[in-house]
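Colleague: here is a sequence with its predicted model. Questions after.
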Number of protein chains: 2
Amino acid sequence: MRLERFWAEWGCLIWLPYSEKVGAGTMNPATVLRVLGPEPWNVGYVEPSYRPDDGRYGENPNRMQLHYQYQVILKPDPGNPQELYLESLEALGLNRREHDIRFVEDNWESPALGAWGLGWEVWCDGQEITQFTYFQQAGGFALDPVSVEITYGLERLMIPLQGVRSVWEINWDGTHTYGEILLRSEVEHCVYDFEQANVDRLVELYNLYEAEARSALERGLVIPAHDYVLRCSHTFNVLDARGAVGVTERARYFARMRDLSRAVAKAYVKQREEMGFPWLRKMGERKVGRLEGWKVGKPHLPVQPAAFLLEIGVEELPAGDLTSAIAQLKELAPNLLDELRLDHGPVRVTGTPRRLVVSVENLSPRQRDVEQIVKGPPARIGFADGQPTRAAQGFARAQGVPVESLEVREVDGGQYVVALKVETGQPASAVLAENLPRLIAGLRFPLSMRWNESGVTFSRPIRWIVALLGEEVIDFEYAGVRSGRTTRGLRPLRSPELTISRAEDYFTTVEAHGIVVDVDQRRASIAEQITRLAAEVDGTIPDDPALLDEVTNLVEQPTALRGEFDPKYLALPRDVLITVMKKHQRYFPVVDESGDLLPYFIAVRNGDSEHLDVVRHGNEEVLTARFADADFFFRADTRQPLEAFLPRLDTLTFQEKLGSVLDKAHRLEKLAPELGELLGLTPDEMETTRRAVHLCKADLATQMVIELTSLQGVMGREYALRGGESEAVAQAIFEHYLPRFAGDALPAGKPGIVIGLADRLDSLVGLFAVGLVPTGSADPYGLRRAALGLVQILAGRAVTLDLRRAVSMAAAQLPVPAGEEIQAEVLAFIVQRLRGWLLEQGYRYDVVDAVLAERGHDPYLAAQTVAGLARWVERDDWMDLLNAYARCVRIVRSFEEEFPLDPARFVEPATVALHQAYLEARAQVTPQSTVDELFAALQPMIPAINRFFDDVLVMAEDRALRENRLALLQRIAALPGGIVDLSKVEGF
Amino acid sequence: MRLERFWAEWGCLIWLPYSEKVGAGTMNPATVLRVLGPEPWNVGYVEPSYRPDDGRYGENPNRMQLHYQYQVILKPDPGNPQELYLESLEALGLNRREHDIRFVEDNWESPALGAWGLGWEVWCDGQEITQFTYFQQAGGFALDPVSVEITYGLERLMIPLQGVRSVWEINWDGTHTYGEILLRSEVEHCVYDFEQANVDRLVELYNLYEAEARSALERGLVIPAHDYVLRCSHTFNVLDARGAVGVTERARYFARMRDLSRAVAKAYVKQREEMGFPWLRKMGERKVGRLEGWKVGKPHLPVQPAAFLLEIGVEELPAGDLTSAIAQLKELAPNLLDELRLDHGPVRVTGTPRRLVVSVENLSPRQRDVEQIVKGPPARIGFADGQPTRAAQGFARAQGVPVESLEVREVDGGQYVVALKVETGQPASAVLAENLPRLIAGLRFPLSMRWNESGVTFSRPIRWIVALLGEEVIDFEYAGVRSGRTTRGLRPLRSPELTISRAEDYFTTVEAHGIVVDVDQRRASIAEQITRLAAEVDGTIPDDPALLDEVTNLVEQPTALRGEFDPKYLALPRDVLITVMKKHQRYFPVVDESGDLLPYFIAVRNGDSEHLDVVRHGNEEVLTARFADADFFFRADTRQPLEAFLPRLDTLTFQEKLGSVLDKAHRLEKLAPELGELLGLTPDEMETTRRAVHLCKADLATQMVIELTSLQGVMGREYALRGGESEAVAQAIFEHYLPRFAGDALPAGKPGIVIGLADRLDSLVGLFAVGLVPTGSADPYGLRRAALGLVQILAGRAVTLDLRRAVSMAAAQLPVPAGEEIQAEVLAFIVQRLRGWLLEQGYRYDVVDAVLAERGHDPYLAAQTVAGLARWVERDDWMDLLNAYARCVRIVRSFEEEFPLDPARFVEPATVALHQAYLEARAQVTPQSTVDELFAALQPMIPAINRFFDDVLVMAEDRALRENRLALLQRIAALPGGIVDLSKVEGF
């Protein structure tokens, strides 16, 4: 009721839960339809949200199949939605000073709704309490204006407000608890959704709903159609929770729902358009037409060299975007200054989630002048008797310089009349005002968004800009924001406005307000704090630079705190606990000297240490809920052996044409042993491989892995061991996913290697065969990583494998054709990754290419060969060898025909000697030889080659003679075949 | 939001609209399930309520397929729910002083939910704004405790609050109107529900929902099952709006839904019971166990004769119940006083909707003493020598009287010792305190209800009792209410407490506060006011005592007001306008001198004339909405000829086994002409009959009649005329329903008569054939009225018809067997009605029975005959005739055999003479003769009969002689056969 009052008073229309079961307030027409089109719309309402999959039979403290959302839509963006939101929390009694309230990157996408947006999940003491999204697209329509969607999780808000440990304990009305009202029906819904719902009938219902939706759409009946779409969606969700959606159906269901929702969206927009978008009239002061992306203010007069400061104030940037933006600015900012001919001292670029900062010392007040020489007529024409001719006078006039200033200079090797033109530097403030927008606009992000009428895109909305040169504001407008000298303080302190008098004062000013602007300082401070807190309980923090970097980018004023959790959870697998802490909560785990987990975690709060106990308590509760969830999964999963999960894999799509994950697993069960034979596994290893490959994907159907995908393999190993599988089998299951990321370990055992290879080969060949070749930066199936993994395993584990054969074996298992052409593409794709991997190790590209041309199909062999060749090309006598060999190759290169060799007809001694040398080398070299063997064989030939070319004219007029000589050279040229293509080596 | 706050502060749990489409907030589990069982439950929530049938394509100012309810459940009854409710209205800004807020009887029943309750619709200035119900039963369970259900109609509340004319104009949020937000989807839903929904698919959906509900119930899953029941219900509603529910299906759908909802209710109660009804602990101060129905307080000491006053303060009684209660008290109260031996002056009984008043003048302070005589031993045993014996002494001891007081008196014809015992009268206050509860408990109502733990039933809750004898309170408790001296003032004045010092002051006190307690005074006042207001616009009020009586019983302080309506509505049929005004609004219509309606109405407000303009305005708006609705129907109905509605009759159930109304109409099309032939209609009349019977039921499918059932026939005539049918056909359509109620006109034309007879015969025979014979006071199909109608038409229109034949003709048309036995039952049933009708006209029951025994099958003939016989039995010489005839009958009555008559063998002159007299009479009498003809023929036989019995011994020993004499007497006895059974006449 307080939220309702807050938003009503702000100007939202108060709406109601919808009369259909929805998964989220987003699906209420008040959101999913009203965000479409140009009309303004501000609304707030509660929405009971049904998500069958989240059902836990009431056993989890805050995860349920039904939860209550409070949904707010602000369209267009009012400019200060985060502030409004924080005010609304205070209306509820959630003080931002007392709690750690954070905006943590979280983007939202619903392909089924043709919708996506960027934003955050809002945390209160580690607990997600709200989703905050700038809606970019819905129903397949780009949204203009953009809507701000604020979705409060009401139960999770109540937990800190009432200081209870679980939603079930929430006091609803002073008389009943939440559990008393809802627990029973929660359990009933779980039983229904997971156990009782009749699959055939639900499928029928879905079909009937769809047919009625289409029928309603035919009449242009938007809401009746939408209602049926919602029923489709809920019915699908129940079917899914019931484990009843097979692979083919799933993709088809999604496509069907997407089609329907787009059609509904289209019909709605059409309807509003036909009505003339009547609410546009309600926009009041809304400006008509678009703001321009940027505007340039009046420049200030030139000043003395001074400090320059640019601060781009933003809503919380994703951690990765912050890192990326700083890196980009480190390059772009100096480049810009150079381009603008602005001399300057050191450039410092840094930032926090809410500000990107570029600071430059001693920036010149003006651009450097530049002198330009304009070439005129030749001197002999321009001057006659030392006097300018008419031609020179005309030239001077045309160039706008006094004729007296013309000079004669040597240009392009001749004497010419030239005009010397000096371009006077403009004031720095002027050119910066013109160019800083361009600097900001030049930043690129993997995902960027619009938010206001300017149409500008950025990682997150830009809300203020500080741009100072010394004491002066560099005046411009970008993304609807006017630059100035006002920055904002910390969120917990209500983001007070801070005035920066002079650019030089920036860092001292914001730091005085508690903000640690510098990334490195923040990182160091966090590292120090967490180490200290861990030490207090005789623990240490496992090294995790990625986590440290991420946390550094999530706060402006880091204050670490140590929380505890119930030691009983230590019974869960370590990886589970760490993953939960790190991935869900960005907590640092604490371990003892033997590396075992201690029942502590360290969180980093954004803010100072006031009310730290409240924040700690909140975080502890959240972690408890998370662990309870993990415990629920773990218990559920271990009720049956790992093998029992296999049938469920049929409900997981691998790819529509390639079948389910179960289909893939069946392919691997054939492919892995074949590869094992190829690699000469022992009978023991083969047996392990067979068992492990049978089970290797089973954990994907366990609840733990469904919830925490990154634990695939880890849980497989865990559950396999618990189910009595051998250590070797369990290890192979785990290892077949290795390496999972850059720098990850490689599989150690042969079974893990073989299964890992099989898995990646199946994916690569299969997905290429169905046309899903990665393009540009898109690689949804992770094929680049798969190919690189292949390379790393083979090279790293010294496994020789002819990928041509392996690819062909993989192709043979597929349910779709994958002919030679496809196989060649796959091979080329892998070789590209191999090339990149070799180059990264510092090998010369020519050396790499020379080897890959011959041995790319066998990464380990190629890597060995590259290493060998690299040593050779560094030798002082290398060019002798290369030159000699090159002479042989160059002369035969143009002949396609292979000439017959008749040694009997060699006449010159040089030829005979060369032939003899060839025969000796030939005897030592095979296509399998190492480069050392190759060059050891070639080196003795050098004199013979050189003598041959000195003594013999290869291209004799006598054809027989000539061709016989060419035949010999062809054979010499072919000696490195299968080893290296020396023609690709530099200097050839 | 204000309502929500109000009820939250009062202590209600705030709940939310349900995630399924429901027809009313009642169907939300927070009501329909939580009212079950003993646990307390107080809740408030909004409920969007979907009623496809109410869709008007957005064309009505306040009728839509979707409206918003605010639903409150108070369980148990807090004792003052009406006051709470009125406070909540004031929280909304609806002041009871300013508006005319009324509780108008409206009971609620949902056979499909196995639920019913008693209560009111609450009117604000004539507009229904709330349903207020004491829930008595739900899911087939009697509710204990009873729940108070308050259902606000939010839109209708907003209309007076915002002073708008239509819901569409409601300002929702300061920016949008209700229409802007909802009109489009309203229209879409109408199009979908009425035109687009696919019937086959919806039927499938219904079946699937039902199957899932059953499946959920098998697992005891209450809420999932209930959700599916709700879907069944909404799906059925759409099917129904779509006009797609055939006769057989309808009944079956209802039965299916009822079964399901009962099963859900049962499962819920079982579940709560298994949980130990945990919320019982929340009842706080709730008393354990039941209050007794009544308690008797400490009696006061006797006083002087004084006035007695009993006021039973109630929540608004239904108008009929008020009349009935007054009538009952007029009988019961004096009887009680007499029984209690309390001497008293005049008794006055009167009342208003909120109070029943019994006032008695000069009530004796004590009961009269009584003397009792107890019979002892015979005098001869009790007294010896004038002295009491031991026996007498023992008797005196046993009776507790001194032996000296024994007397001897004649008892039962003998001399006995008697004891004289005087029972001393008790104080009046004591015996009244004991017996007044019994007086109240003795009142009976057609429907009565429970409301609190006392378990007492009454028409509506009793909220206070004033019981005074002079200045003293007669102290007792009934229905949890303690008697006292405090009554309540008018609702518009917040029902202030008024103290009655002395019984004598009662009327002056309450009248001083504006209450017109006396029914007759109120009626007279209203009559005077409405006449005056009508006269001001040169109009009069058509005489309508029933309406005047009803209105008199709806108010405590009547203030009439005259409103206007747009004269354009005068284009609607007069009956429509009058029905709407009278039936829906209890308004008095105003007509000019020629009887035409004027564009005015007169409403009677409960309260004084303050703010009368507000009330007038509100009432005008309401009537406008009503007329707009009627106009909508009228226009919709007249878009097609009456005949076009016939196919829709197939969707109206007549009775499951007897088919749809269309089936019935088809039967009438055959039966009516057959009856016409029987009654000798002219060819013209036959033609009119054929056309009229074809169309006679068509108007039942028109929207106007669906909405205003009482206009059946009226609209048929109207639409027939507009569709070009002849005046005679239109009239017959109208007349076939006549008489519709006691005192209504009879059909004038033969076609109307014939169709009316056919209609009633079909119903009677058909419903008897399927076993739906009326029992007790239940007569859901109105068969008693139908039979009486038959009688009235035949008798009133002098139509001779042999019902035996007519019934058999009707039976022949039925789709079910209706053999002789059934036909006989039907006939007997009609004859019963005929008998009642004749008795009501003052005929002697023996006369009636004598005629009906012979002519009951022909009501007109019977009525004529009764009239004739009635004249004869009044004649002085009647007994001569009867005696003579009776002598003949008595002697032959015991012989079943009919003896052959052989006149040749008569020997005695007396016998021959009698035979001769017989032959003469015989020649004049047939079974079709009138009684006059019969008796004219019989009278001359009297001497012959008497002589015969004087002269002849009938029972001669000679068998042949004896039987020949008996044969003659048998024939004489049979003479009145077919005319009258004289043996039933008194004195026979």
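Modeller: Cool, the structure landed.
Colleague: tell me how many other residues surround residue A:375.
Modeller: 14 (other Cβ atoms under 10 Å in any protein chain shown). Placement of C-beta: from N, CA and C, glycine included.
Colleague: beta partners of it?
Modeller: residue A:418 (DSSP bridges).
Colleague: which residues are in contact with the closest residue to residue A:102 other than its chain neighbours?
Modeller: With Cβ to Cβ, 6 or more residues apart in numbering or on different chains as the criterion, residue A:102 has its nearest non-adjacent residue at 4.4 Å, and that residue is residue A:123. Residue A:123 makes contact with A:100, A:101, A:102, A:104, A:129, according to Cβ atoms under 8 Å, 6 or more residues apart in numbering or on different chains.
Colleague: take these and keep only those in strands.
Modeller: A:101, A:102, A:104, A:129 (DSSP state E).
Colleague: any idea which of the residues you listed is closest to chain B?
Modeller: Looking at the ones in strands among the contacts of residue A:123 and their distance to chain B, the nearest is residue A:129, at 19.5 Å (Cβ to the nearest Cβ).
Colleague: can I assume residue A:955 is in contact with residue A:961?
Modeller: No. Counting by Cβ atoms under 8 Å, residue A:955 does not reach residue A:961; the two are 9.7 Å apart.
Colleague: neighbour count: these two, which is higher?
Modeller: It is residue A:961, of residue A:955 and residue A:961, that has more neighbours when counted by other Cβ under 10 Å, with 19 against 10.
Colleague: would you mind measuring from the more buried one to residue A:390?
Modeller: Separation of residue A:961 from residue A:390 (Cβ to Cβ, to the nearest Å): 72 Å.
Colleague: cool, and residue A:56?
Modeller: Relative to residue A:390, and taking Cβ to Cβ, residue A:56 is found at 96 Å.
Colleague: same check on residue A:23?
Modeller: Distance from residue A:23 to residue A:390, by Cβ to Cβ: 85 Å.
Colleague: more crowded one of these two?
Modeller: residue A:23 (20 against 10).
Colleague: quick check, that one in contact with residue A:51.
Modeller: Yes. Counting by Cβ under 8 Å, residue A:23 does reach residue A:51; the two are 5.4 Å apart.
Colleague: what is in contact with those two at once?
Modeller: residue A:237.
Colleague: please work out which residue of the stretch 701-850 of chain A is closest to chain B.
Modeller: residue A:703 (22.0 Å).
Colleague: also the stretch 451-600 of chain A?
Modeller: Counting by Cβ to the nearest Cβ, the stretch 451-600 of chain A gets nearest chain B through residue A:453, at 20.0 Å.
Colleague: and that residue, what element?
Modeller: Secondary structure from DSSP states H and E places residue A:453 outside every helix and strand.
Colleague: burial measure for it, as a count.
Modeller: Neighbour tally, residue A:453, other Cβ under 10 Å: 20.
Colleague: try residue A:76
Modeller: 21.
Colleague: does it really touch residue A:147, like I thought?
Modeller: Yes. If you go by Cβ under 8 Å, residue A:76 and residue A:147 touch, sitting 7.4 Å apart.
Colleague: spatially central residue for chain A, please.
Modeller: residue A:446 (6.9 Å; Cα atoms, centre = their mean).
Colleague: may I have the secondary structure class of that one?
Modeller: coil (DSSP: H, G, I helix; E, B strand; the rest coil).
Colleague: leaving out the residues flanking it, which one is nearest to the residue of the stretch 701-850 of chain A closest to chain B?
Modeller: Counting by Cβ to Cβ, 6+ apart, the residue nearest residue A:703 is residue A:633, at 4.0 Å.
Colleague: name the element that neighbour belongs to?
Modeller: helix A:612-637.
Colleague: pull the residues that contact the helix or strand following that helix.
Modeller: Following helix A:612-637 in sequence order, the next helix or strand is strand A:653-655 (DSSP H and E). Here strand A:653-655 makes contact (Cβ under 8 Å, 6+ apart) with A:247, A:250, A:251, A:660, A:661, A:663, A:664, A:766, A:767, A:770, A:772, A:781.
Colleague: distance of the closest residue to residue A:744 other than its chain neighbours from residue A:859?
Modeller: Once flanking residues are discounted, residue A:744 sits nearest to residue A:738: 6.0 Å by Cβ to Cβ, 6+ apart. Distance, residue A:738 to residue A:859, by Cβ to Cβ: 16 Å.
Colleague: same check on residue A:252?
Modeller: 39 Å.
Colleague: more neighbours: which of these two?
Modeller: Using other Cβ under 10 Å as the criterion, residue A:252 and residue A:859 rank with residue A:859 on top: 28 against 13.
Colleague: is that one in contact with residue A:803, as I believe?
Modeller: Yes. Using Cβ under 8 Å, residue A:859 makes contact with residue A:803 at a distance of 7.3 Å.
Colleague: any common contacting residues for the two?
Modeller: Joint contacts of residue A:859 and residue A:803 (Cβ under 8 Å, 6+ apart) are A:790, A:830.
Colleague: longest helix of chain A?
Modeller: When chain A is parsed with DSSP state H, its longest helix is helix A:247-274.
Colleague: can you give me how far it is from the chain middle?
Modeller: Relative to its chain's centre, helix A:247-274 lies at 28 Å (Cα atoms, centre = their mean, to the nearest Å).
Colleague: re earlier: any idea which element the residue nearest to residue A:744 lies in?
Modeller: Assigned by DSSP H and E, residue A:738 belongs to neither a helix nor a strand.
Colleague: from residue A:790, how far off is it?
Modeller: From residue A:738 to residue A:790 the distance is 12 Å (Cβ to Cβ).
Colleague: name the helix or strand of chain A that has the lowest mean pLDDT.
Modeller: Sorting the helices and strands of chain A by mean pLDDT, DSSP states H and E puts strand A:294-296 at the bottom, at a mean of 59.
Colleague: and the helix or strand just after that strand, what does it pack against?
Modeller: Next helix or strand after strand A:294-296 toward the C-terminus (DSSP H and E): strand A:306-314. When contacts are defined as 3 or more Cβ pairs under 8 Å, 6 or more residues apart in numbering or on different chains; DSSP states H and E, strand A:306-314 packs onto strand A:355-363, helix A:428-441, strand A:462-469, strand A:486-488.
Colleague: hey, which of those is tucked in deepest?
Modeller: strand A:462-469 (a mean of 24; mean count of other Cβ atoms under 10 Å in any protein chain shown).
Colleague: CA atoms only for that strand, dumped as CSV, please.
Modeller: Extracted as CSV, the C-alpha positions of strand A:462-469 are listed here (Å, rounded to 0.1, in the frame of the first residue of the first chain):
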residue,chain,number,x,y,z
ILE,A,462,24.3,9.2,-18.9
ARG,A,463,23.0,11.5,-16.1
TRP,A,464,25.5,14.2,-15.7
ILE,A,465,28.7,15.4,-17.3
VAL,A,466,31.5,17.4,-15.7
ALA,A,467,33.8,19.1,-18.1
LEU,A,468,36.3,21.6,-16.8
LEU,A,469,39.4,23.2,-18.2
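Colleague: that one packs against which elements?
Modeller: Strand A:462-469 packs on strand A:306-314, helix A:428-441, strand A:476-478, strand A:481-484, strand A:486-488, going by 3+ Cβ pairs under 8 Å, 6+ apart.
Colleague: and these as JSON lines, adding mean pLDDT and distance to residue B:316?
Modeller: As requested, the helices and strands packed on strand A:462-469 are exported to JSON lines (pLDDT from 0 to 100; distance: least, Cβ to Cβ, whole Å):
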{"stretch": "strand A:306-314", "mean pLDDT": "96", "distance to residue B:316": "65"}
{"stretch": "helix A:428-441", "mean pLDDT": "93", "distance to residue B:316": "72"}
{"stretch": "strand A:476-478", "mean pLDDT": "94", "distance to residue B:316": "69"}
{"stretch": "strand A:481-484", "mean pLDDT": "94", "distance to residue B:316": "65"}
{"stretch": "strand A:486-488", "mean pLDDT": "95", "distance to residue B:316": "63"}
